[in-house]
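K.L.:
Here is my input, please return the structure:
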Amino acid sequence: MAGGGGTVLTAVLKLIDRYDLYGQVAYPKHHKQTDVQAAAYGLPVVATKNGGPVDILKALHNGLLVDPHSAEAITGALLSLLADKGQWLESRRNGLRNIHRFSWPHHCRLYLSHVAAYCDHPSPHQRLRVPGVPSASASMGGDDSLSDSLRGLSLQISVDASNDLNAGDSAALIMDALRRRPAADRREGSGRALGFAPGRRQRLLVVAVDCYGDDGKPDVEQLKKAIDAAMSASDGAGGRQGYVLSTGMTIPETAETLKACGADPAGFDALICSSGAEICYPWKELTADEEYSGHVAFRWPGDHVKTVVPRLGKADDAQASDLAVDVSAGSVHCHAYAATDASKVKKVDSIRQALRMRGFRCNLVYTRACTRLNVIPLSASRPRALRYLSIQWGIDLAKVAVLVGETGDTDREKLLPGLHKTVILPGMVSRGSEQLVRGEDGYATQDVVAMDSPNIITIAEGQAVSDLLNAML
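P.N.:
The predicted model follows:
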């Protein structure tokens with residue numbers, strides 16, 4: 001430790017010992033960034049050559065560094081600045097010109113420029129993205145707002161950071177560098193799905209209507225109506241509108257059901273399956289997105305919770321077969337359980353509370369008309385999967401419409417609120433699972449969801465869904 005600092009610390013320790021203040025002493029920081037404030041007002045500074053001022057003056061060049069223990073050095077530096085008018089004016093100009101380097105937008109742009117250098121391994125589904133045309137404000141350079149600088153960069157990993165990218169670059173140059181991709185990557189990504197690019201989408205329609213019969217099997221007729229209602233809103237969209245199907249079924253079950261409805265799975269930009277535990281891109285392949293799987297795996301208890309749920313989820317008078325593991329419907333991040341009788345299983349809130357008391361934090365969703373329980377990671381859900389896609393593809397959530405039924409899976413109420421538009425289709429769902437959300441003494445959906453919100457609209461009888469969606473988006 002330096003001599004001055006050591007002297008101060010020794011004095012503090014002696015005073016603590018003298019007055020018996022062990023464990024009762026705070027060490028607040030009294031120094032302030034006066035050298036940065038001085039630069040903002042065009043005032044040259046004389047600062048210590050030890051500690052933070054070294055880095056500050058290295059960036060600002062608005063003064064001199066001296067030994068704080070040398071009175072002669074301090075005097076000489078002050079006289080040098082005061083007597084030499086040229087040096088004074090140069091330090092003043094440097095401070096005013098470089099003070100922007102200590103602004104929050106510049107800090108964010110500098111951070112993103114360093115991150116971009118390490119993000120050179122694009123995912124297959126991201127190679128298809130087409131960057132938007134830079135706006136007029138993006139070409140202005142230093143006057144960009146922070147939101148313009150950060151737009152589209154949250155999960156952007158397909159970039160080509162050039163070696164000449166540095167902290168002095170304007171926001172427009174950084175954005176341009178982040179948009180560039182090698183031509184080889186573009187050719188490789190477009191090989192399987194020529195002309196298809198989720199990056200061109202400006203809005204999304206999400207079909208989250210949970211159509212099941214009393215036996216838990218998909219209601220193909222009603223689901224086909226919901227899909228047709230969504231597809232009818234594509235007139236005049238010119239490829240700018242994408243489609244997502246969000247369901248509690250597995251990926252194979254979803255693909256099979258879509259084929260039964262006469263719909264091509266490849267016509268959807270993405271499938272959100274297993275209540276949000278998996279995302280796949282059917283225009284590419286019917287396999288789960290590994291990147292999203294790694295995202296939701298955070299603190300996922302995995303097999304540790306698999307054997308606990310049947311014991312905690314059954315009612316007191318239930319048999320072992322009333323809630324049993326369904327291996328065929330499970331996956332790495334989704335434990336599925338077959339429920340034979342809704343009256344023999346506990347509510348979602350009750351099971352969640354019991355799991356948390358044992359240190360397990362998971363999301364639980366009853367789906368397929370109360371015949372299946374999906375246990376998924378805490379970071380996984382249908383709303384979060386939708387948000388993930390909106391960030392990946394750079395689509396504003398305000399340009400997303402979610403179609404739901406009057407009832408549905410137990411996570412339906414989580415799909416209602418948010419920045420997106422919610423369209424309730426009456427008469428589409430004959431049997432839901434929402435009676436297993438919470439007990440009769442619990443709160444109602446209306447207590448946590450503002451049903452009078454302008455973002456939540458119920459289709460009236462005789463009203464065309466396509467006209468409503470086009471007006472909303």
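K.L.:
Could I get the buried residue list for the helix or strand hosting Q392?
P.N.:
Assigned by DSSP states H and E, Q392 falls within helix 382-393. By neighbour count on 16 or more other Cβ atoms under 10 Å, the buried set for helix 382-393 is 382-390, 392-393. In this view, the C-beta of every residue, glycine as well, is placed from N, C-alpha and C.
K.L.:
Which elements pack onto that helix?
P.N.:
strand 203-207, strand 241-246, strand 270-273, strand 278-281, helix 290-296, strand 400-405, helix 412-415 (3 or more Cβ pairs under 8 Å, 6 or more residues apart in numbering; DSSP states H and E).
K.L.:
Domain parsing of the chain, as residue ranges.
P.N.:
For the chain, automatic domain parsing gives the domain ranges 29-100, 103-189, 198-297+377-472.
K.L.:
For G276, see how far away the spatially most central residue of the chain is.
P.N.:
Nearest to the mean C-alpha position of the chain, by Cα atoms, centre = their mean, lies Y388 at 5.3 Å. Relative to G276, Y388 is positioned 9 Å away (Cβ to Cβ, to the nearest Å).
K.L.:
picking up where we left off before, L60: which of the buried residues of helix 382-393 is nearest?
P.N.:
Nearest to L60 among these is Q392, at 38.8 Å by Cβ to Cβ.
K.L.:
Count residues in the vicinity of A398, would you?
P.N.:
Counted by other Cβ atoms under 10 Å, the residues lying close to A398 total 15.
K.L.:
Name the SS class of it, please.
P.N.:
helix (DSSP: H, G, I helix; E, B strand; the rest coil).
K.L.:
tell me the phi and psi of the closest residue to it other than its chain neighbours?
P.N.:
Once flanking residues are discounted, A398 sits nearest to L419: 5.4 Å by Cβ to Cβ, 6 or more residues apart in numbering. Backbone torsions for L419, taken as degrees, to the nearest 10, come to phi -70, psi -20.
K.L.:
ditto for the one 3 residues further on
P.N.:
Dihedral pair for T422: phi -120, psi 130, per degrees, to the nearest 10.
K.L.:
contacting residues for the residue lying closest to it once chain neighbours are set aside?
P.N.:
Spatial nearest neighbour of T422, chain neighbours left out: I456 (4.6 Å); criterion: Cβ to Cβ, 6+ apart. Contacts for I456 were tallied using Cβ atoms under 8 Å, 6 or more residues apart in numbering; they are 416-417, 422, 424, 449-450.
K.L.:
Would you list the buried entries among those residues?
P.N.:
For those, buried by 16+ other Cβ under 10 Å: 416-417, 422, 424, 449.
K.L.:
For D316, state which of the residues you listed is nearest.
P.N.:
V449 (31.8 Å).
K.L.:
Nearest residue to the closest one in space, please, no chain neighbours.
P.N.:
Leaving aside its sequence neighbours, V449 sits nearest to L416 (Cβ to Cβ, 6+ apart; 4.8 Å).
K.L.:
so how far is R382 from that neighbour?
P.N.:
Taken as Cβ to Cβ, the span from L416 to R382 is 11 Å.
K.L.:
picking up where we left off before, what's the burial count for the residue nearest to the residue nearest to the centre of the chain when sequence neighbours are not counted?
P.N.:
Nearest non-adjacent residue to Y388, counting by Cβ to Cβ, 6+ apart: Y292, 6.0 Å away. By the criterion of other Cβ under 10 Å, Y292 has 26 neighbours.
K.L.:
and Y292, what does it touch?
P.N.:
Counting by Cβ under 8 Å, 6+ apart, Y292 has contacts 278-279, 385, 388.
K.L.:
Phi and psi next, for the residue nearest to V449.
P.N.:
According to degrees, to the nearest 10, L416 has phi -70, psi -50.
K.L.:
And A338, by the same measure?
P.N.:
According to degrees, to the nearest 10, A338 has phi -90, psi 130.
K.L.:
Specify the beta-bridge partners of it.
P.N.:
A324, R372 (DSSP bridges).
K.L.:
so it makes contact with L323?
P.N.:
Yes: counting by Cβ atoms under 8 Å, A338 does reach L323; the two are 7.4 Å apart.
K.L.:
who has more neighbours, the two?
P.N.:
More neighbours surround L323 than the other of A338 and L323, with 25 against 18 (other Cβ under 10 Å).
K.L.:
burial of Y22, as a residue count?
P.N.:
For Y22, using other Cβ under 10 Å, the count is 8.
K.L.:
gap between the residue nearest to it when sequence neighbours are not counted and T10?
P.N.:
Nearest residue to Y22, sequence neighbours excluded (Cβ to Cβ, 6+ apart): I16, at 6.3 Å. To T10, I16 is 11 Å away according to Cβ to Cβ.
K.L.:
just A226 next, same as before
P.N.:
On the measure of Cβ to Cβ, A226 and T10 end up 76 Å apart.
K.L.:
And for M249?
P.N.:
For M249 relative to T10 (Cβ to Cβ), the value is 70 Å.
K.L.:
out of these two, which sits in the more crowded spot?
P.N.:
M249 (23 against 11).
K.L.:
Would you mind listing the residues in contact with that one?
P.N.:
Here M249 is in contact with 218, 257, 273-274, 367-368 (Cβ under 8 Å, 6+ apart).
K.L.:
what two of these have the greatest distance between them?
P.N.:
P218 and S274 (14.5 Å).
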